[in-house]
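Peer 1: Make a model of this:
(one chain, ligands or ions: 2)
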Amino acid sequence: MDAVEYEMLRHTWFPVARVADLKNGVTSGSILGEELVVYGDGASVTVAEGFCPHRGVALRLGQVSDGALQCPYHGWLFEAGSGRCTRVPSLPPGRDRPHTALRTYPAEIAYGLVWSCLAAPFLPLPRLPGYVDESWQIGAGEPYTLNCGMRQLTENFRDRAHFPFVHGDTMGDVAQVVEPYRIARDGWRLGWTSSMGSEKMPEDLAEEFDHHLDYRLTLPMFASICVSSPSGGRRLVAQVTAPVSADGLRVRQFWLAGTDAVSAEQGAELADVLGYERQVFEEDHPIVENQRPIEAPMDLHSQVHTAADRFSITYRRVYAELLESYKAGRR
Ligand code: FES
Ligand SMILES: [Fe+2]
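Peer 2: Ligands and ions are numbered 1, 2, ... in the order given. Have a look, this model is predicted:
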């Protein structure tokens with residue numbers, strides 16, 4: 001990625017961990033090569049630099065004690081929120097502590113994920129579509145680490161033409177022809193709808209063939225698909241990809257699955273939806289890790305497109321606009 005994209009992504013909210021992965025109150029994450037420690041009680045969390053300022057031990061090996069993060073090596077305590085060092089156990093009483101603090105980053109919890117950004121966010125934290133309210137059940141699947149670019153993976157999730165070739169085992173005999181579709185745009189959000197018949201979705205998820213799909217994407221990378229079945233139940237899967245290496249060629253794929261109240265009443269279990277979507281993603285992974293270039297090229301002339309690729313072309317164009325807008329805001 002170029003220097004402007006790198007800077008823009010430093011100012012972008014990304015998930016760094018699942019709340020469920022806090023062990024002894026601690027877990028780790030990474031954005032653009034910065035290794036981070038996440039600590040807290042799950043209701044509130046702190047995101048900070050990942051290594052102790054004393055002797056550089058990885059703080060993800062520590063634990064939370066009285067709300068503060070304790071380094072596993074010499075037991076220094078770093079308070080929640082500020083990252084300030086509040087105790088150095090080796091000092092005799094009355095001796096001054098070194099004035100030090102962990103560098104902390106903005107931290108938010110949304111959808112069971114801990115989000116952070118390396119520098120002041122230039123866009124708000126992205127949200128699921130408004131129809132996903134408290135009556136929905138939402139679960140965060142186990143994230144994957146992949147060798148591919150953030151935009152490449154985001155395009156894959158939006159790409160309808162690969163379903164019959166990559167997802168035969170999970171989706172069955174999906175039509176190969178992609179009917180023309182129009183993309184609606186609202187600021188940095190894109191959306192479109194399509195329909196899909198499938199014979200292989202598990203029966204408790206979908207008893208009928210004809211499904212209506214609502215695609216949404218909030219740039220740079222928060223994507224969701226809501227599937228409505230003719231019987232009125234809705235299921236959702238969302239993908240949000242975070243660049244974990246500084247060159248952006250290694251990413252962490254966070255994902256959510258959800259069921260609305262109607263589909264829950266009809267017997268859809270969130271665990272089944274998570275299990276099904278996991279299988280779908282695992283079918284995609286050998287594809288997205290074997291594309292060259294590793295990140296989707298911004299130069300539209302360097303690849304060949306068809307009408308079915310309308311989304312990825314629009315995404316690349318709007319992403320270029322986002323970069324321009326970021327650059328303009330910096331001036
Ligand atoms: S290395 Fe962390 S307290 Fe010494
Ligand atoms: Fe796929």
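
Peer 1: Contact residues of this structure facing ligand 1?
Peer 2: Proximity of the chain to ligand 1, by CB under 6 Å from any ligand atom, involves residues 52, 54, 55, 57, 71, 73, 74, 76. C-beta coordinates here come from the backbone N, C-alpha and C atoms, glycine included.

Peer 1: Report how many residues lie close to the closest residue to the fifth one other than its chain neighbours.
Peer 2: Once its chain neighbours are removed from consideration, residue 71 has its nearest residue in residue 52; the separation is 4.5 Å (CB to CB, 6 or more residues apart in numbering). Applying other CB atoms under 10 Å, we find 23 residues neighbouring residue 52.

Peer 1: what packs against the helix or strand of the chain with the lowest mean pLDDT?
Peer 2: Across the helices and strands of the chain, the lowest-confidence element by mean pLDDT, DSSP states H and E is strand 189-197, at a mean of 82. Counting contacts by 3 or more CB pairs under 8 Å, 6 or more residues apart in numbering; DSSP states H and E, strand 189-197 packs against strand 184-186, strand 210-218, helix 310-330.

Peer 1: and the angle from the second one to helix 310-330?
Peer 2: Translated: strand 210-218. Strand 210-218 and helix 310-330 are oriented at 20 degrees to each other (axes from the mean of the first three to the mean of the last three CA atoms, to 10 degrees).

Peer 1: Quick check: next helix or strand after strand 210-218?
Peer 2: strand 222-228 (DSSP states H and E).

Peer 1: List the strands paired with the next helix or strand after that next one, with their directions.
Peer 2: Following the chain from strand 222-228 toward its C-terminal end, the next helix or strand by DSSP H and E is strand 234-243. Paired strands of strand 234-243, with direction, are strand 222-228 (antiparallel), strand 251-259 (antiparallel) (DSSP bridges).

Peer 1: rank the helices and strands packed on strand 189-197 by pLDDT, which is bottom?
Peer 2: Mean pLDDT per stretch puts strand 210-218 lowest among these, at a mean of 87.

Peer 1: and that strand, what other elements does it pack with?
Peer 2: Counting contacts by 3+ CB pairs under 8 Å, 6+ apart, strand 210-218 packs against helix 150-158, strand 189-197, strand 222-228.

Peer 1: most neighbours per residue, which of these?
Peer 2: helix 150-158 (a mean of 24; mean count of other CB atoms under 10 Å).

Peer 1: hmm, who's touching the helix or strand following that helix?
Peer 2: The element immediately downstream of helix 150-158 (helix or strand, assigned by DSSP H and E) is helix 163-166. Helix 163-166 has contacts (CB atoms under 8 Å, 6 or more residues apart in numbering) with 171, 173, 174, 175, 176, 196, 283, 284, 287.

Peer 1: so the third one sits in a helix?
Peer 2: Right, residue 174. No - per DSSP: H, G, I helix; E, B strand; the rest coil, residue 174 lies outside any helix segment and is coil.

Peer 1: and the gap between it and residue 94?
Peer 2: 72 Å (CB to CB, to the nearest Å).

Peer 1: what about the two, which has more around it?
Peer 2: A side-by-side neighbour count of residue 174 and residue 94, using other CB under 10 Å, places residue 174 first with 19 against 5.

Peer 1: And the more buried one, what's its pLDDT?
Peer 2: With respect to pLDDT, residue 174 has a value of 87.
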